[in-house]
Every structure is written in structure tokens, then in C-alpha cells.
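**Student:** Give me the fold of what follows.
(4 chains)
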Protein chains: 2
Amino acid sequence: MSTATTPAKGAATRELILEQAYQLARHDGMEGLSIGALASGVGMSKSGVFAHFGSREDLQLALLEAVSARFVAFILHPALKQPRGLPRLRAIVENWMEWGRIHATGCVLLGAATEYDGRADSPLRERVVKQQSDWRNEIKRAIALAVEAGDFRPDTDATLLAFEIYSLMLGLHHDAGLFGFDQASRCTRAALDRLFASYRP
Amino acid sequence: MSTATTPAKGAATRELILEQAYQLARHDGMEGLSIGALASGVGMSKSGVFAHFGSREDLQLALLEAVSARFVAFILHPALKQPRGLPRLRAIVENWMEWGRIHATGCVLLGAATEYDGRADSPLRERVVKQQSDWRNEIKRAIALAVEAGDFRPDTDATLLAFEIYSLMLGLHHDAGLFGFDQASRCTRAALDRLFASYRP
DNA sequence: GAATAAAACGAACGGTCGTGCTATTTTGAT
DNA sequence: ATCAAAATAGCACGACCGTTCGTTTTATTC
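**Tutor:** Residues are numbered from 1 along each chain as shown, chains lettered A, B, ... in the order given. Below you'll find the model as predicted:
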């Protein structure tokens, strides 16, 4: 122990692998992710990549974790600088739409949610469900703060509004992937304005 | 020619194969569909199954076509018995929700839309885009009839409303797959009521 | 620089993948 | 019953899959 400094500097390689895995999973989904393609993507041997995670499933779990952290860091954290209430909620949604623009060509989290939606219980599915549940709660919290601030009517159903917002974001991703981002974002913005207006006191 | 009756009675086998492919694709997606698993599912040899379609891609295309036809037959056709306007639109949405209930454990069409969203152009993707586009137009038509009937305000943006409805259905599928159908359908119904009310004259 | 631990490699394993090819069976019309 | 055509089976192929194992290279510590 004593001077037990971090003996693992090859954790940087792990990051590199996860970054590449992220790119691959955007195209082929979580189940389409293969260690062989991943290895040649980072210029390593299959076994070299494999050793970092111990199994394909653990790799997938690590990827899921990494993407989720990235998602929250991109959307929620910057929005926390905005004052509580509608401004913060709008910032979240705005960042979310920007995330959708960047990931119009495939989003790992959305793909995972679709791949594991009705599947039998597995560590992967459990993780996805928890992440989605956590994220939904974050939105509900932002909504609750907007109600407190008087930006929304006191009888606002936060669960319902969170569902409505989330649905529009699904619509954005869906339409952006199939019909192009510009048209999709126009509809999304208009729908969000209508939605927020309908909850105004 | 002359008495050229249908020489192919093994088209029934094709149907059987497609039915099994449908079940498999619900779990593993369109890209997870494999001929080997399909063959053992219907109790045939791989090559026997293969011969019916000529390639995996053609099998996928045939499946996509079959599911799409089933989708429309389940949701749109029965609704056409309802009078034009809001009743018919409501019937469409109601059938759509029932479809979502049945397919809470994986919907092939939704899965395909996610799998091919940002992908490079391929026959599969083109087919998915066309199907989604056609379906969106059907919704817009039903909305336009509702406007004509005076159920919605004359300045109703059919494209926007179609997007809003579609988004809610995506939200239903999403939440039903992850959190259970009951809670998801409650939110969806409430959101639909709010949405329709907001367009009332 | 020697000793030690971490990291990466390379080959091999049993499987499954999609896809050809050639037989064999089954079917439907004569 | 016959015969052509359609349907299915059987087999083999090259490629890739996740995983294991023993070795070799690289990095860290004394």
C-alpha cells in the first residue's frame, strides 16, 4: 500500500476503446457492436481489447455508462447555470435538441432503449431502464421547480408533462433520422412552444 | 398460358416463414434476424428457407412489407368505418394504442426505424423511409378531414399535429417497453386529450 | 539496471453467419 | 401412371463471432 499510486496508466486505452465503441454502436446498435471491429478500429488485437473488459457484456455495460454520463454532462449540467424554472427547463430542452442534431445519425441511448425494450431481464436491460428512469426524474424535477417558480400552473402534472416532453424528443430523433433534422426540429420547436404555453398560468 | 393455374402452392410456406421471421425480429430486430434461427424455428433447413427469398436482404424487405401491411390493416382499415373527422382520427389513435399494447415487447416497424435512421442509403432504409412517410400522410389526411368537418380549427397545421400525435405514440411504445404498458397508456391518453382539446375551435 | 506487474499480442477453439452448389423429395397437371 | 417443375434437403465454403491461453512487449518500482 503505502505509496500505492495508480498502477494503471492504461486506463487511457480504456477511454480510447470506449470512444471507438461509441462510434461503432451509433451505427450498428449495442447488439451490433463486435470486438473484432472494435479492435481494428483502435488498432489493437482482439484479445488486447477484450482483456480490458472481461466479456462483451461488460464492455456493453461500460459503454452504456459512459454514454449516459456524456448525455447528462451535455444536456443537464450546462442548464444548471440557468435560473430555476422555465429558463432552466428550456435550456435542458434546447441542449437536448442540439444533442439530437449531433446524433441525428444514430443515438446509442435511444438505440439501446429500443433494443432492450421488451427483452427478457438482463443486466443490459436493467441498466437501460434505470438510466431512463433517472433521466425522467431529472426532467420531472426541473418541471417541479418551474411550477414552484410560478411559470406553470400549480396543478401541473409533472409526470404527464415529462412524458409529453420526452415524447417530442423521441419524435425529433425519429424524424431527424428519417426525414432530416431541419424539418424535424421545426416541428419539435413549434410543438414545445404549444406545450409550454398550455401549462402557463 | 391457357390454363395456367397457380403453380406455386408453396407460397403458404412463405407466409409461414414470414410469420416466424416476424416473431424473431420482434426480439432481435431486423439486423438480428438470422436465417439459421429462422429455419430451425419453422422446422426447415437453412437452404430451404433461403431459397424462398434469394438473399437475406430480400427476406428483410419482404418482412418489412408484410409487417407494414399488417400494421395498416390493423389500425387504419377498421377506422375507416368511422365517420370522417375526429371520430375516425380517434379510432386510428385507439387502434394504434392497442397495437402498442400487443407489441409492447418489441415492434418490428419501430425497431427498423431506429436501426436504419442514420444509416447509409440501402434498400432497407429506403423502404422504411417510404413506409413512415406514407403512414404520416395517412394521419395528415385524417387530420385534414377533421378540419373540414369542423372538429379542429381551420388554421390547424396538419403536419405539426401529425408530428405531435406520432411523437406521443413513440412515447407510448418507449415507456410501455421499459416501464410497463399501463402507466404508459395513461400518460398517452391524457396527453392525447390535451392535444386534441388544444386544436378545438 | 534488475525485478515485477500490467498491457498487448497471436494463435487457436467451437460456433454461427450468409451463400453457393448439387441431389432428392414433393407437388400438380396431364 | 408419368413427367416436368417446384420445393426442400444436404453439404461445403470462407468469414466473423466471443473467448481462452501462453507468450511477449511495455511500463512502473526498487
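**Student:** Looking at chain A, which helix is longest?
**Tutor:** helix A:123-148 (DSSP state H).
**Student:** That helix near DNA strand D at all?
**Tutor:** No: for helix A:123-148, no contact with DNA strand D is found by Cβ under 7 Å from any atom of the strand; the gap never falls below 12.2 Å. (C-beta placed from N, C-alpha, C; glycine too.)
**Student:** what's that helix packed up against?
**Tutor:** Contacts defined by 3 or more Cβ pairs under 8 Å, 6 or more residues apart in numbering or on different chains; DSSP states H and E place helix A:123-148 against helix A:56-79, helix A:86-102, helix A:108-115, helix A:158-179, helix B:158-179.
**Student:** would JSON lines of the ones you listed with distance to residue B:24 and mean neighbour count be doable?
**Tutor:** Shown next, in JSON lines, are the helices and strands packed on helix A:123-148 (distance: least, Cβ to Cβ, whole Å; neighbours: other Cβ atoms under 10 Å in any protein chain shown):
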{"stretch": "helix A:56-79", "distance to residue B:24": "21", "mean neighbour count": "16"}
{"stretch": "helix A:86-102", "distance to residue B:24": "31", "mean neighbour count": "19"}
{"stretch": "helix A:108-115", "distance to residue B:24": "14", "mean neighbour count": "24"}
{"stretch": "helix A:158-179", "distance to residue B:24": "24", "mean neighbour count": "24"}
{"stretch": "helix B:158-179", "distance to residue B:24": "17", "mean neighbour count": "24"}
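**Student:** Just send those helices back as a markdown table, with mean pLDDT and distance to residue A:146 too.
**Tutor:** Below are these laid out as a markdown table (pLDDT from 0 to 100; distance: least, Cβ to Cβ, whole Å):
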| stretch | mean pLDDT | distance to residue A:146 |
| --- | --- | --- |
| helix A:56-79 | 98 | 12 |
| helix A:86-102 | 98 | 5 |
| helix A:108-115 | 96 | 24 |
| helix A:158-179 | 97 | 9 |
| helix B:158-179 | 97 | 20 |
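**Student:** Select, out of the ones you listed, the one closest to DNA strand C.
**Tutor:** The closest of the helices and strands packed on helix A:123-148 to DNA strand C is helix A:56-79. By Cβ to the nearest atom of the strand, the value is 11.9 Å.
**Student:** what's in contact with that closest one?
**Tutor:** A:14, A:18, A:21-22, A:25, A:30, A:33, A:35, A:38, A:52-53, A:88, A:91-92, A:95-96, A:98-99, A:108-109, A:112, A:123-124, A:127-128, A:131, A:135, A:138, A:142 (Cβ atoms under 8 Å, 6 or more residues apart in numbering or on different chains).
**Student:** what angle sits between it and helix A:123-148?
**Tutor:** Helix A:56-79 and helix A:123-148 are oriented at 10 degrees to each other (axes from the mean of the first three to the mean of the last three Cα atoms, to 10 degrees).
**Student:** and the gap between the closest residue to DNA strand D within chain A and residue A:42?
**Tutor:** For chain A, the residue closest to DNA strand D is residue A:36, as judged by Cβ to the nearest atom of the strand, at 2.3 Å. Distance of residue A:36 to residue A:42, given as Cβ to Cβ, to the nearest Å: 12 Å.
**Student:** Spatially central residue for chain A, please.
**Tutor:** Nearest to the mean C-alpha position of chain A, counting by Cα atoms, centre = their mean, stands residue A:71 at 4.3 Å.
**Student:** hang on, the earlier thing: neighbour count for residue A:36 and residue A:42, which is higher?
**Tutor:** Neighbour totals were compared for residue A:36 and residue A:42, and residue A:42 leads with 15 against 11 (other Cβ atoms under 10 Å in any protein chain shown).
**Student:** any idea which helix or strand carries the residue nearest to that one when sequence neighbours are not counted?
**Tutor:** Leaving aside its sequence neighbours, residue A:42 sits nearest to residue A:20 (Cβ to Cβ, 6 or more residues apart in numbering or on different chains; 4.9 Å). Assigned by DSSP states H and E, residue A:20 belongs to helix A:11-28.
**Student:** ok, now residue A:44?
**Tutor:** Assigned by DSSP H and E, residue A:44 falls outside every helix and strand.
**Student:** Give me the distance between residue A:183 and DNA strand C.
**Tutor:** Shown here: residue A:183 relative to DNA strand C, a distance of 34 Å by Cβ to the nearest atom of the strand, to the nearest Å.
**Student:** out of everything not next to it in sequence, what's closest to residue A:187?
**Tutor:** Of all residues not flanking residue A:187 in the chain, residue B:163 sits nearest, at 4.1 Å (Cβ to Cβ, 6+ apart).
**Student:** So what's the residue count around the residue nearest to residue A:42?
**Tutor:** 19.
**Student:** Please look at it and residue A:38 and confirm they touch.
**Tutor:** Yes: between residue A:20 and residue A:38 a contact is recorded at 6.0 Å, counting by Cβ atoms under 8 Å.
**Student:** Would you confirm that residue A:185 contacts residue A:176?
**Tutor:** Yes: the pair formed by residue A:185 and residue A:176 meets the contact definition of Cβ under 8 Å, at 7.1 Å.
**Student:** which neighbours do the two share?
**Tutor:** Shared contacts of residue A:185 and residue A:176, defined by Cβ under 8 Å, 6+ apart, comprise A:100, A:101.
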